[in-house]
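Visitor: Requesting a structural model of the entry that follows:
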Amino acid sequence: MLRFLTYQTPPKFFKEFDIYNSATNLRSVKVISGLLLCISGVGRIISMFFRDDVVKINGYEQFSINNWLQIVGCGIFLILSNYGLKKDLSTSYKKTIVIAFVVYFLTIAFNISYIVSQHNTKNTLFIFLVGIVATSLFFTIEIKQMKFIVAYIIGVYFAASWVADIPTEQKTINFIAGLILGTVLLSFSRYSYYFKSSHFVQIKELEEKNREILLLNNQKSEILSFVAHDLRAPLNNIDALSQLLLLENSDNNEMKMISNSALQAKNIINDLIEAVKTEQAEIRKESILLKPYISRIINKWEANTTRKIEFSQDLEDLNMHANASKLERVIDNLISNAFKFSSSDKPIKIAVSLAKNSIFIKVKDFGIGIPIDLQGHIFEQFSRASRKGLLGEKSVGLGLHISHKIIEQHRGELSMHSSENEGTTFTIQLPLMTA
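Guide: Numbering: from 1, shown residues only. Next comes the predicted model:
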């Protein structure tokens, strides 16, 4: 529980925290000295305008001297702190200014309490306690320096009590009060140091972990990209040879299986290469007339399957800016998924509409849908939401992830709504082309 009393910043982070903390403390010196300078200046101006009333205050001469000490001292520290922050001087220089200001600040607070209490500080400790709390709150000071400050304050407290014209028993009480206040100052400052240092260390440890994760992720991407590129060449050879053999004998089922497998493997490799690209270049866009564009994609699919695709569009002429090949890849992937997870007797519906300066392209199937527990993972890389199709088609969980990235590159959004055994609707939202 009292670990903060002996806490030290771990050596691994000490130098970095020391640099950061010195600058932070110096900024606190600048703010507090500037604030005190303003308050002292206002007090001096008031005393000049209402001098006849002010001089009647008990201890006026002492208050006046203390006020000048505040004006001069705060002015000096304001200049020094500004200079230290602008010139970015050494940490030791900054520490020296901070320690000197804390000693000065606590001395001023003690002086005010001493004057107000008529040299018997046990009577009025409020201002001095404010100084202790402010020091602990705004300054993070190492244990060695804080021990020096505490010893100085207790020494000043004892000396002031000793020379004061008060009974001996009152001096004894003041001595005890001084020891208690010194302990309070040390405890508060150590807790503040422990809290701020621990927070700093936690942030640095998180930054290290993030760098490690980023490094591992980059290494994973490099390995995947390397493997994918090396596999592409032999697969191209296999595909080319199978196509040549199929030209000689188009009924060779074994060659068809080899060709289809090679094509499937190449598609997976292309997906891997696309997925591991961490930095995407700005895509090239062109004006696309949507109705003929999507009709062409549908015709391509219907030429290679007996499945029915129904297409509808609200307006006849809808133009948009997009990368035609990349957008086609997204639509192809959504149609492929729709076929994969719905029976062959059920159609696929594609609808295009316009709303709020955005174009919506919806691809809807009437298949098995996506379970609720998997819906939050469908756009993840190598998603655990990846499943086999109704005919056993395999997936590596990259298609929707890549589609999502492509739509984001278009400054659009790819969303999904699904109900089990009722079907799934994927919606592409893209900004309308502007003149």
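Visitor: max-length helix in the protein?
Guide: helix 168-248 (DSSP state H).
Visitor: list the helices and strands that helix packs on?
Guide: helix 11-49, helix 126-138, helix 143-163, helix 253-275 (3 or more C-beta pairs under 8 Å, 6 or more residues apart in numbering; DSSP states H and E). Heads up, the C-betas are built off the backbone N, CA and C, glycines and all.
Visitor: Just the buried residues of the helix or strand following the last one, please?
Guide: Spelled out, that is helix 253-275. Using DSSP states H and E, the helix or strand that directly follows helix 253-275 along the chain is strand 286-289. Neighbour-count burial for strand 286-289, counted by 16 or more other C-beta atoms under 10 Å, picks out I288.
Visitor: The helix or strand harbouring F63 vs helix 11-49, what angle?
Guide: If you go by DSSP H and E, F63 is part of helix 60-87. Interaxial angle of helix 60-87 relative to helix 11-49 (axes from the mean of the first three to the mean of the last three C-alpha atoms, to 10 degrees): 140 degrees.
Visitor: Could you pull up the mean pLDDT of whichever helix or strand comes after helix 60-87?
Guide: Later in the chain than helix 60-87, the nearest helix or strand by DSSP H and E is helix 91-116. Averaged across helix 91-116, the pLDDT comes to 85.
Visitor: now the nearest residue to K95 once chain neighbours are set aside: how far from L37?
Guide: Spatial nearest neighbour of K95, excluding adjacent residues (C-beta to C-beta, 6 or more residues apart in numbering): S22 at 5.6 Å. With distances taken as C-beta to C-beta, to the nearest Å, S22 is found 22 Å from L37.
Visitor: out of the two, which sits in the busier spot?
Guide: Here S22 and L37 are compared on neighbour count by other C-beta atoms under 10 Å; more neighbours surround S22, at 22 against 19.
Visitor: isn't the more buried one right up against I99?
Guide: No. S22 is not in contact with I99 according to C-beta atoms under 8 Å; the separation is 10.7 Å.
Visitor: The helix holding F63: how far from the chain's middle?
Guide: Computed by C-alpha atoms, centre = their mean, to the nearest Å, the separation of helix 60-87 from the middle of its chain amounts to 39 Å.
Visitor: next one: stretch 322-330
Guide: 32 Å.
Visitor: List of residues touching that stretch?
Guide: Under the criterion C-beta atoms under 8 Å, 6 or more residues apart in numbering, residues 283-286, 288, 293, 297, 402-403, 406-407, 409-410, 414, 428, 430 lie in contact with stretch 322-330.
Visitor: residue ranges with poor pLDDT in the chain?
Guide: Per-residue confidence for the chain (pLDDT under 70) gives these ranges: 1-2, 4, 59-60, 116-125, 221, 224-229, 271-282, 382-397, 433-435.
Visitor: Which parts of it belong to which domain?
Guide: 3-210, 213-275, 286-431 (automatic domain parsing).
Visitor: Can you tell me which of the contacts of stretch 322-330 are buried?
Guide: Counted by 16+ other C-beta under 10 Å, those give 285, 288, 293, 297, 402-403, 406-407, 409-410, 414, 428, 430 as buried.
Visitor: got the contact list for V29?
Guide: F77, L80, S81, I97, V98, F101.
Visitor: May I see the residues you listed arranged in TSV, with distance to E254 and neighbour count as well?
Guide: What follows is those, written out as TSV (distance: C-beta to C-beta, whole Å; neighbours: other C-beta atoms under 10 Å):
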residue	distance to E254	neighbour count
F77	89	24
L80	87	20
S81	83	24
I97	84	22
V98	82	24
F101	87	26
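Visitor: Which positions in the helix holding F63 come out as buried?
Guide: 62-64, 66-67, 70-71, 73-78, 80-81, 84.
Visitor: ok, which pair from these is furthest apart?
Guide: With C-beta to C-beta as the measure, no two of the buried residues of helix 60-87 lie farther apart than Q62 and G84, at 31.9 Å.
Visitor: So which of the helices and strands packed on helix 168-248 is the most surrounded?
Guide: Of all the helices and strands packed on helix 168-248, helix 126-138 has the most neighbours on average by mean count of other C-beta atoms under 10 Å, namely a mean of 18.
Visitor: Touching that one from outside, list them.
Guide: Under C-beta under 8 Å, 6+ apart, the answer for helix 126-138 is 28, 31-32, 102, 105-106, 108-110, 112-113, 116, 121, 181, 184-185, 188-189, 191-192.
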